[in-house]
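Q: Quick one, what's the 3D model for this:
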Amino acid sequence: MSQSETSGREAVSDAAREDRDESSRFAAFYRREQPRLLRFFLRNLGNQSDADELSQETLSRFATASQTTIDVPQAYLTRIATNLLRDHTQRGSTRLARASTSLDEGLDAPVGLDPFREVQSRRDLARWQGILSQLHPATLEIFMLNRVEGYSYREIAEAHSLPLWKVQKHMLKAIRLIDANRAAEEA
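A: From the prediction side, this is the model:
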């Protein structure tokens, strides 16, 4: 066997060994960081399946991007997770907003005097006040500014010096509570 064949085989062997080392380093990184990502997404979303999906997507994007040298991998991973959460929340809140109906729908319809409807309306009002009182005061205020006063998410964020994603998160909590109570009412 010639010297060039021997050095060629050694180079292939070295490359395979480097691939195995890189693979085992990523596996160790995955085992260490996946539970942290899962907790992060679960805390922010409250949904196990979405948390699983987004943590896998985060690690997948990290693996794709880690072809280059990253100085602080945990910070980079956290940035990916934060961006994915923001994107997911934006998509989710617009989907919920399109699916939900306005609370003031039908308020302009003329209504004759009907004692039964008046009693029913008072019961409904008391019920919804009780439901909305379950919200955190900041969430309730943001919800009322948007749905009753007609302010956009961006206007609310600017007025309260909040990031837009925080306003969206508050609205998502309020809409989920309302949808859950509507579903319970229909069942």
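
Q: What helix or strand is the spatially most central residue of the chain located in?
A: Averaging the C-alpha coordinates of the chain gives a centre point, and the residue nearest to it by C-alpha atoms, centre = their mean is residue 89 (3.8 Å). Using DSSP states H and E, residue 89 maps to helix 73-99.

Q: What's the local residue count around residue 72?
A: Using other C-beta atoms under 10 Å, residue 72 has 9 other residues around it. For glycine as for every other residue, the C-beta is placed from the backbone atoms N, C-alpha and C.

Q: let me fix that: residue 81
A: There are 23 residues near residue 81, going by other C-beta under 10 Å.

Q: tell me the contacts of it?
A: Applying C-beta atoms under 8 Å, 6 or more residues apart in numbering, one finds that residue 81 lies in contact with 37, 40-41, 54-55, 58.

Q: Not counting its neighbours along the chain, what's nearest it?
A: Once flanking residues are discounted, residue 81 sits nearest to residue 58: 4.6 Å by C-beta to C-beta, 6 or more residues apart in numbering.

Q: rewinding a little: the contacts of residue 81 in helices, which ones?
A: 37, 40-41, 54-55, 58 (DSSP state H).

Q: And residue 118, how far from residue 125?
A: According to C-beta to C-beta, to the nearest Å, residue 118 and residue 125 sit 11 Å apart.

Q: and residue 135, what element?
A: Counting by DSSP H and E, residue 135 is found in no helix or strand.

Q: Residue 165 is in contact with the residue nearest to the centre of the chain, correct?
A: Yes. Assessed by C-beta atoms under 8 Å, residue 89 is found in contact with residue 165 at 6.1 Å.

Q: before we move on, the earlier item: right, and out of the contacts of residue 81, which lies closest to residue 129?
A: Closest approach to residue 129 among the contacts of residue 81 (C-beta to C-beta): residue 41, at 32.8 Å.

Q: residues of stretch 148-155 that come out buried?
A: 151, 153 (16 or more other C-beta atoms under 10 Å).

Q: wait, stretch 175-187
A: Buried, per 16+ other C-beta under 10 Å, within stretch 175-187: 175, 177-178, 181.

Q: Report the rounded mean pLDDT for it.
A: For stretch 175-187, the mean pLDDT works out to 81.

Q: can I get the CA coordinates of that stretch in PDB?
A: What follows is stretch 175-187, C-alpha atoms only, in PDB (Å, rounded to 0.1, in the frame of the first residue of the first chain):
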ATOM      1  CA  ILE A 175     -59.700  35.600  24.400                       C
ATOM      2  CA  ARG A 176     -58.900  32.100  25.600                       C
ATOM      3  CA  LEU A 177     -60.900  32.700  28.800                       C
ATOM      4  CA  ILE A 178     -63.800  34.000  26.800                       C
ATOM      5  CA  ASP A 179     -63.700  31.200  24.300                       C
ATOM      6  CA  ALA A 180     -63.500  28.600  27.100                       C
ATOM      7  CA  ASN A 181     -66.600  30.100  28.700                       C
ATOM      8  CA  ARG A 182     -68.400  30.300  25.400                       C
ATOM      9  CA  ALA A 183     -67.600  26.600  24.700                       C
ATOM     10  CA  ALA A 184     -68.800  25.700  28.200                       C
ATOM     11  CA  GLU A 185     -72.000  27.700  27.600                       C
ATOM     12  CA  GLU A 186     -72.700  25.900  24.300                       C
ATOM     13  CA  ALA A 187     -72.000  22.500  25.800                       C
END
